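S.K.: this one's structure only:
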């Protein structure tokens, strides 16, 4: 498909957006470092060090994210403050399978570069990051299969087309042995396409010397705007020092494409002996390790690492082992295959565990996000929240969905402002007067449905004779990158025979029902067809993100023709406006041809508005925004040190104001089978009032317990603040009365929750329901089978959120052996944020001891991280025997250890 440059920043002149030609060249804005023409204007540093990186950008986060206008001043602080807590450098490291250029080595040892075809969505996103944002950008990726480009023949072709490569500097036509070919103009592209004919990626041996590598790396580092790190994959020569032998280069892609990707597509794979399979996977692992090694060379704490797609699914785990606190994100552009198919790969568990090294995993659709979350929970036994949060032994992983799209402005300009498009439209109208046109695009491989599409069209004509002379199908295919030449030839022959069969049945001197194009059309013809079509089809059974569906909608601003898209496509669309899934493509084709104008206009407008809001720039910004929010809320797991009593007491003595916030169960008292037996110790009851009576001290117990329980056991401690049911009820220090913060809330939702929990209680011996005043909890701590109960808890959460309490302002929480439903606007984090504001205001130098043991207590820790308090005075403490993912800075093994610390402070 054609690829287009991203939109330029506001206030700049729009670049020329000439569409890509069949050879697949990608054109970039003039100020992008992907624009090779910039080389002649860029001086080459004389030293190997290069210029210093640009300074940090203090306005970066403020520019990209504005705090919500309805943020409560007593709640979480602004996004800007939260991002400052992350300590971001302003640099993004993009790890990609291939660099966006094809590398060639001539017979006389010179290097040539040309833009790589395909991967248009990824390349557009990389270009946007580099040319239109304030992020500094580093791209790390494999060079790809290096071609043997024969320079004399290439130069001859260029002369014939009157195109001359631009020099790399005003006084030098080459930079050492490197030549860059500027892709401006169709003549050049046709010439390069002809030049590459017969030049398959080198399957034999290719020698890359140290000079080759230095020349390419110097060019990429100093000529282009940002840092480019090529990863060379091969075997070191035993005879020649620093010489890399590139032998069977396709092996680095082989496992990802021939094994894993086919499983993602649900396709059967060839049986291979164990030794061959092991070698393939070892090459896959080596590729991931090589990219990781390159990243480690340039990584600085605070960089964001963005990894893309299934070739690099081991990479997050590899980096996480080396950089436990790194901000790692991953975006998966492919589908997720059925669990039975994936389980057939012996290495699938290692791959999927490697992916969990990322703090955030992006997926192109909400449905796919839910599928992946279910997969990890059901097949790998991970605890999940039901809303995209996975708990692993190493940390917390957040699954997010971010729709992907093409450059809307670029497609509009290419389709509506090119005179050649209008000329081709006139030709097509003249040739197909009074006929309906269906445009379909598919890749030439079995699972993506090319044969099935033709069979559906044949069925349409068989069962509807009135359409046999009135409709034309334009079938446009392209060779699949993942299919070898032999298999591609077989599928191509099958498609040609199917086309011949249909045309032989209904062909005439004036009508041919199927026009088959085995290669992508030139851009003007492509857009002319999309503008004139009466229906568009993306009906492949295993299709991934398909840019045709997006381009079709953009081009149909005049006709509003309907689009058929597979329900299994990863292309994200709003559920209410999603085109009808093509379960019966023949019937759906007919419905599209007969659709009323009003319905067509309504469907098209909804899709066009959606795509306009979700172009490639929106995709890039949205994923980075969600990634940073995930880094804030689910930061990488760190082995928190044990509570430092020396630092705690020293800072306590130095601070004029101090705030204590304690959870109760599991924090101030051990977890027991019967919650009624979890009673405070005498040491605790004597230490807390002493602390509360200290000058400048504010002491609070913030518990999920009912106010009746807290009043019974702590009511006599008049100067100790009490918060019950996660902040729903508050008794301030010195007050005897409780304040109900949820008094105005409609509690009608509790009836629906009671029905669900009652069923769980009946079918689960040992479980019970706790009916609080503003919350309800199903406990299964005393049940026999905790694994079974956990599964029930997850199902109950999904049922409640999806049906029973949908529309109510409540949240469903999975806790320690329980499920709790409570008001959304009240939680321990909100309570903690209020207390921090009350105690310190805008002061940064405060002293806080906050302790908890459960998921709900993480809200308190997060509130502390979101405050302005300096880390030196913050002692957030997780009560846990063993280290586990937490936002707390410290850990103490047992409640008794914490109570002893409280007692020690009370005597100071």
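M.R.: Noted; the coordinates are in hand. Since the model is a prediction, treat every value here as computed from it, not as a measurement. Numbers count the residues shown, from 1 in each chain.
S.K.: Pick out the residue closest to the middle of the protein.
M.R.: Residue closest to the average C-alpha location in the chain (C-alpha atoms, centre = their mean): residue 362, at 1.8 Å.
S.K.: do you know how far that one is from residue 432?
M.R.: According to C-beta to C-beta, to the nearest Å, residue 362 stands 42 Å off from residue 432. In short, each C-beta sits where N, CA and C put it, glycine included.
S.K.: need the helices for the stretch 251-400 of the chain, in chain order.
M.R.: Along the stretch 251-400 of the chain, counting by DSSP state H, counting those that start in this stretch, helices occupy 251-254, 262-264, 274-298, 315-322, 339-342, 348-355, 366-380.
S.K.: Can you pull the poorly scored residue ranges out of the stretch 701-850 of the chain?
M.R.: Nowhere does the stretch 701-850 of the chain drop to pLDDT under 70.
S.K.: Now do the nearest residue to residue 256 once chain neighbours are set aside: how many residues are near it, please.
M.R.: Of all residues not flanking residue 256 in the chain, residue 311 sits nearest, at 4.4 Å (C-beta to C-beta, 6 or more residues apart in numbering). Close neighbours of residue 311, defined as other C-beta atoms under 10 Å, add up to 26.
S.K.: same deal with residue 349?
M.R.: 13.
S.K.: distance of the closest residue to it other than its chain neighbours from residue 341?
M.R.: Nearest-residue entry for residue 349: residue 380, 7.3 Å, with adjacent residues in sequence omitted and distances by C-beta to C-beta, 6+ apart. Applying C-beta to C-beta, the value for residue 380 to residue 341 is 16 Å.
S.K.: now swap in residue 280 and tell me
M.R.: Counting by C-beta to C-beta - residue 280 and residue 341 are separated by 18 Å.
S.K.: between those two, who's got more neighbours?
M.R.: Neighbour totals were compared for residue 280 and residue 341, and residue 280 leads with 20 against 17 (other C-beta under 10 Å).
S.K.: Who are the contact partners of the closest residue in space to that one that isn't next to it in sequence?
M.R.: Excluding the flanking residues, the one nearest residue 280 by C-beta to C-beta, 6+ apart is residue 255, at 4.2 Å. Neighbour list for residue 255: 280-281, 283-284 [criterion: C-beta atoms under 8 Å, 6 or more residues apart in numbering].
S.K.: same question, residue 725
M.R.: 704-707, 772-775, 822, 826.
S.K.: rewinding a little: neighbours around the residue nearest to residue 349, how many?
M.R.: Neighbours of residue 380 using other C-beta under 10 Å come to 14.
S.K.: That one against residue 352, yeah?
M.R.: Yes - here residue 380 lies in contact with residue 352, judged by C-beta atoms under 8 Å, at a distance of 6.6 Å.
S.K.: The residue nearest to residue 872 when sequence neighbours are not counted in helix, strand or coil?
M.R.: What sits nearest to residue 872 in space, not counting adjacent residues and going by C-beta to C-beta, 6+ apart, is residue 651, at 6.8 Å. Assigned by DSSP: H, G, I helix; E, B strand; the rest coil, the conformation of residue 651 is helix.
S.K.: Measure how buried residue 651 is and give me the count.
M.R.: 20.
S.K.: List the residues that contact it.
M.R.: Taking C-beta under 8 Å, 6+ apart as the test, what residue 651 contacts is 847, 872-873, 875.
S.K.: Tell me which of those residues fall in strands.
M.R.: The members of the contacts of residue 651 that map onto strands under DSSP state E are 847, 875.
S.K.: ranges for the strands of the stretch 501-650 of the chain?
M.R.: Taking DSSP state E, counting those that start in this stretch as the criterion, the stretch 501-650 of the chain carries its strands at 514-517, 535-538, 563-565.
S.K.: could you say what helices and strands the shortest one packs with?
M.R.: In this case it means strand 563-565. Contact here means 3 or more C-beta pairs under 8 Å, 6 or more residues apart in numbering; DSSP states H and E; on that basis strand 563-565 packs against strand 535-538, helix 547-555, helix 585-594.
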